[in-house]
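Participant: make a model of this:
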Amino acid sequence: MIVVTEFPHPSRPGYYGQTLAARTRDAATLVVDTLIPEGDGYPAASDAAVVDYIEARCSPADVSLLKELCEPALDSADPVAYLAELETSRPEEFTWLLQFTYHGYYSSNLVLAALNRQGYDYHGAPQPFGYGIDTEPPVPGARRGTFIKTSEVKNVATNR
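Facilitator: You can find the predicted model right below:
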């Protein structure tokens, strides 16, 4: 069963600047690296400073949830199996954790550089490069449809 849940961007409304306990930080590092391992020219999530991103944006309640979700992974013999079970048993919390990880990963300059090396013309936010704007407005190639001038419109019932 696939559960799709959407959440607002996890950095709501900004930086909280919490400090994770060492065990929670180690657990979060294990979890994000399990979710996004190194490969195919892309860095592991921990190398992309995803845990720093999460830590800076965690509210006090988020820190508590992060501890609850991640620390059992340290005691698990198989972190992949632990996360698969977490996804099944607590889909909303797993989605929160996954989206937080993705936001941190794809905001990393290391990942943006890897995307560019792979041939993607991606530069993150639209500035400073902006978006390409056509100087000429698009015009349809063939004329379609008709219109009646407002002054020529007649009431069907009265024919006036």
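
Participant: gap between the helix or strand hosting Trp96 and the chain center?
Facilitator: Here Trp96 sits within helix 91-106, counting by DSSP states H and E. With C-alpha atoms, centre = their mean, to the nearest Å as the basis, helix 91-106 stands 7 Å off its chain's centre.

Participant: residue numbering should commence at 604 henceforth.
Facilitator: Okay, residue one is now 604; in that scheme the one you just asked about reads as helix 694-709.

Participant: ok, the spatially closest residue to Ala652 that is not a sequence neighbour to Ala648 distance?
Facilitator: The shortest distance from Ala652 to any non-neighbouring residue, by C-beta to C-beta, 6 or more residues apart in numbering, is to Ser711 (6.0 Å). Quick note: C-beta positions are derived from backbone N, CA and C, even for glycine. Ser711 sits at a distance of 9 Å from Ala648 (criterion: C-beta to C-beta, to the nearest Å).

Participant: who has more neighbours, these two?
Facilitator: Ala648 (27 against 19; other C-beta atoms under 10 Å).

Participant: list the contacts of that one.
Facilitator: By C-beta atoms under 8 Å, 6 or more residues apart in numbering, the contact set of Ala648 is 635-636, 638-640, 654, 704, 707-708.
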